[in-house]
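**Student:** need a 3D model of the sequence below.
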Amino acid sequence: MSSQFRVPDNLAYTREHEWAKTLDGVVRVGITDYAAKTLNDVVYVSLPSIGQNITQSASFGTVESIKAVSELYSPLSGTVTRVNTELSNHPELVNKSPYEEGWIMEIKPSKIGEESKKLLGPRQYQELLDSLSKQ
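**Tutor:** As a prediction, the model looks like this:
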């Protein structure tokens, strides 16, 4: 059942359905295809502030859909260097393109070595989705 969700091989994942991708010393963060489809129609994304310090597993914002408001949890600790301002006018990008145009923020990680060990690889994340589909 969970094969209906995309799980790119080049990303790391949280158990709360965020993804992280390292790009030239920063980490881009967004929500997974599973989270986007589960939320359904996203109508608002609260973005963190540039310069804001974020802690791994701590909430950094919310995603609001017609169904619910969900907290966003940071996959890594660091400082916000960029946010996807397109989401202010087009929050639906999170649904349409969660791994490309619908990214949420970029951070300069502060403890990437130790913290990245707590993230799930693509296979582990797929196993998590498989276990959720059996519940």
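
**Student:** how about the strands in this protein?
**Tutor:** All strands of the chain, identified by DSSP state E, fall at 12-13, 18-23, 26-31, 42-45, 53-54, 59-65, 69-73, 78-83, 105-109.

**Student:** deepest-packed of those, please.
**Tutor:** Comparing the strands of the chain by mean neighbour count (mean count of other C-beta atoms under 10 Å), strand 26-31 ranks first with a mean of 24. Backbone N, C-alpha and C define where each C-beta goes, glycine included.

**Student:** what's the angle from it to strand 105-109?
**Tutor:** Between the axes of strand 26-31 and strand 105-109, defined by axes from the mean of the first three to the mean of the last three C-alpha atoms, to 10 degrees, the angle is 140 degrees.

**Student:** what lines up beside strand 26-31 in the sheet?
**Tutor:** Partner strands and pairing direction for strand 26-31 (DSSP bridges) are strand 18-23 (antiparallel), strand 105-109 (antiparallel).

**Student:** can you add distance to residue 41 and mean pLDDT and give those strands back as CSV?
**Tutor:** Below are these laid out as CSV (distance: least, C-beta to C-beta, whole Å; pLDDT from 0 to 100):
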stretch, distance to residue 41, mean pLDDT
strand 18-23, 19, 96
strand 105-109, 21, 98
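
**Student:** just for this protein, where's the confidence low?
**Tutor:** 1-3 (pLDDT under 70).

**Student:** again, 80 this time
**Tutor:** Within the chain, the stretches with pLDDT under 80 are 1-3, 135.

**Student:** so in it, which helix runs the longest?
**Tutor:** Counting by DSSP state H, the longest helix found in the chain is helix 122-133.
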